[in-house]
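1. output the structure for:
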Amino acid sequence: MSRQAQSRAVVVGGGIGGLTAALALRLRGWQVTVLERADGLRPVGAGISLAPNSQRALDVVGIGAEIRALEAWEGDGGLLTPKGRWLSRADPKLAAERFGGSIVLLHRATLIDKLAGRLPADAVRTASEARLVDAGDPDDPARPARVSTPEGDLEAELVVGADGINSAVRGALFPEHPGAEYTGFTTWRVLVPPLGRPFTQHETWGPGRLWGTHPFADGTVYAYAAAMAPAGQRAPGGDEKAELLRRYGSWHDPIPAILDAVEPGQVLRHDVHQIARPLPAYHRGRVALLGDAAHAMAPTLGQGGNQAIEDAVVLAHHAAPGAPLDLPGYSAARLPRTTSIARRAMTVSRVNLTANRPLIALRNTAIRAVGALGPAFLLRGMDGIADWRPPQREPYVGAPPYAAQTRPGTRTARTPQDRTPQDRSTQT
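-> Next comes the predicted model:
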């Protein structure tokens, strides 16, 4: 298959994974169109923790150094009980030595802006609902994949389904798959202005619930909470701040101060779903899935977004210019890894969100015992995850210009009207 026949890609979904894939593919020489159904690139959630594994993936697309410049992890931190008693302490220097870098916490919107800013303005189309019409045939150059939009159909040699946990692309590829299921717990996320005093970064585990507090580089405080709850349950009158005060208001400092600083109506709450039964593959035809569309997982290892970024650069690695599109290779590289991480994340959530008092006592005793051996022992839980390195070790350099630049909102992939008579006769 020629390079020209592989030059067009449509990415369905303008989140972190979709934009990373778009950038990686463009740097590989593909002409890319991103279709985002929302009216603007508005990420869901407040913060994201980028571990060394995803930072190395971002090196490949040229923004790793910018991300590391936002690093805000200073001093120690660790795991606490609701009364403020230490269960274990973290040493960021040891983590950096073990995994080749530190965690960087930033607002999701910041990462979205950095990724989107590397793409041509006309490469991203918002308020554009997309539907996969034909997955295409990778063995037949005359049969590209086809995506329907309100503005007309788009054809491409590669379609990337990055449309999230309720992925319509996944449903079209694997209609027999049950999709995502509720994990049994819900989450809250808040952002508040700097507290004006130092505090220890921490995660706190209580009966059937947890809380985490971390700063952004500008001092903004990001906090998250999780608790076991029935699916769909919401606070009376929609007052999620009151719900957080009820559940966590008596916990150790600085949690009460953070809750006092939360503006009413600014609490994000989402039930957590996961893909418990792995997909048979992350591709079919000329279509590849990535991120939550492929392997939605519990957030307890902080790897959901990180794995989507990994997916993106591995996918681009298997989409080399002038070579056959290797989507089976992409599935083979990603499915075992992400399945393993998703299972580990769910196991961790069962441990840290247990409400069983005897199990809590046993868990806390075990954590203290392991912690007494030194922080390095606690870091072993991220071995094989945070130390991952992408198959493409060097950054992709430059990108060819689009064959024909178009105005924002116009098509950048061929429509049925653009096809030759031979194309139309072979399209199914």
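2. and residue 409, what's its pLDDT?
-> According to the prediction, residue 409 has pLDDT 37.
3. check contacts around residue 130.
-> The contact partners of residue 130, by Cβ atoms under 8 Å, 6 or more residues apart in numbering, come to 10, 12, 35, 37, 147-149, 163, 168. (Each C-beta comes from the backbone N, C-alpha and C, glycine too.)
4. nearest to residue 370, of the residues you listed?
-> The nearest member of the contacts of residue 130 to residue 370, counting by Cβ to Cβ, is residue 163 at 39.8 Å.
5. so where do the helices sit in the stretch 251-400 of the chain?
-> 255-261, 292-295, 304-317, 327-352, 357-372, 375-379 (DSSP state H, counting those that start in this stretch).
6. so which of these is nearest residue 120?
-> Nearest of the helices of the stretch 251-400 of the chain (Cβ to Cβ): helix 304-317, 17.0 Å.
7. on that earlier part again, let's have the helices of the stretch 251-400 of the chain in a markdown table, adding mean neighbour count, distance to residue 60 and mean pLDDT.
-> Shown next, in a markdown table, are the helices of the stretch 251-400 of the chain (neighbours: other Cβ atoms under 10 Å; distance: least, Cβ to Cβ, whole Å; pLDDT from 0 to 100):
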| stretch | mean neighbour count | distance to residue 60 | mean pLDDT |
| --- | --- | --- | --- |
| helix 255-261 | 18 | 36 | 97 |
| helix 292-295 | 28 | 19 | 98 |
| helix 304-317 | 28 | 5 | 98 |
| helix 327-352 | 18 | 14 | 97 |
| helix 357-372 | 13 | 35 | 89 |
| helix 375-379 | 16 | 25 | 67 |
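8. in the stretch 1-150 of the chain, which ranges drop under the pLDDT threshold?
-> 1-6, 43-45, 72-75 (pLDDT under 70).
9. who are the contact partners of residue 167?
-> 13, 161, 289, 292-293.
10. taking helix 327-352 as reference, get the angle to the longest strand along the chain.
-> Longest strand of the chain, by residue count under DSSP state E: strand 181-192. Counting by axes from the mean of the first three to the mean of the last three Cα atoms, to 10 degrees, strand 181-192 points 70 degrees away from the direction of helix 327-352.
11. packing partners of strand 181-192?
-> strand 221-228, helix 240-248, helix 255-261, strand 268-274, helix 327-352 (3 or more Cβ pairs under 8 Å, 6 or more residues apart in numbering; DSSP states H and E).
12. what's the burial count for residue 243?
-> Number of residues near residue 243 (other Cβ atoms under 10 Å) recorded here: 22.
13. closest one to residue 315 among the helices and strands packed on strand 181-192?
-> Closest approach to residue 315 among the helices and strands packed on strand 181-192 (Cβ to Cβ): helix 327-352, 5.2 Å.
14. what helices or strands is the closest one leaning on?
-> So helix 327-352, by 3+ Cβ pairs under 8 Å, 6+ apart, packs with strand 181-192, strand 268-274, strand 283-284, strand 287-289, helix 292-295, helix 304-317.
15. about what we covered before: and the helices and strands packed on strand 181-192 as JSON lines, adding distance to residue 121?
-> Output for the helices and strands packed on strand 181-192, formatted as JSON lines (distance: least, Cβ to Cβ, whole Å):
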{"stretch": "strand 221-228", "distance to residue 121": "30"}
{"stretch": "helix 240-248", "distance to residue 121": "36"}
{"stretch": "helix 255-261", "distance to residue 121": "37"}
{"stretch": "strand 268-274", "distance to residue 121": "29"}
{"stretch": "helix 327-352", "distance to residue 121": "28"}
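16. who's in contact with the strand or helix carrying residue 54?
-> Assessed by DSSP states H and E, residue 54 sits inside helix 52-60. With contacts defined as Cβ under 8 Å, 6+ apart, helix 52-60 is touched by 20, 24, 50, 64-65, 67-68, 96, 99-104, 305-307, 309-310, 312-313, 316, 385-390, 392-396.
17. and what of stretch 142-150?
-> Outside stretch 142-150, the residues touching it (Cβ under 8 Å, 6+ apart) are 8, 10, 12, 35, 125, 128-137, 153-159, 285-287, 422-423, 426-428.
18. go again with 7 Å.
-> By Cβ atoms under 7 Å, 6 or more residues apart in numbering, the surrounding residues in contact with stretch 142-150 are 10, 12, 35, 128-137, 153-157, 159, 285-287, 422-423, 426-427.
19. with stretch 294-306 instead?
-> 16, 48-51, 53-54, 165, 180, 183, 187, 272-275, 279, 282, 292, 307, 311, 338-339, 341-342, 344-346, 348-349, 352, 385.
20. strands paired with the helix or strand hosting residue 146, and their directions?
-> Taking DSSP H and E as the criterion, residue 146 maps to strand 145-149. When pairing is defined by DSSP bridges, strand 145-149 lines up against strand 131-134 (antiparallel), strand 152-156 (antiparallel).
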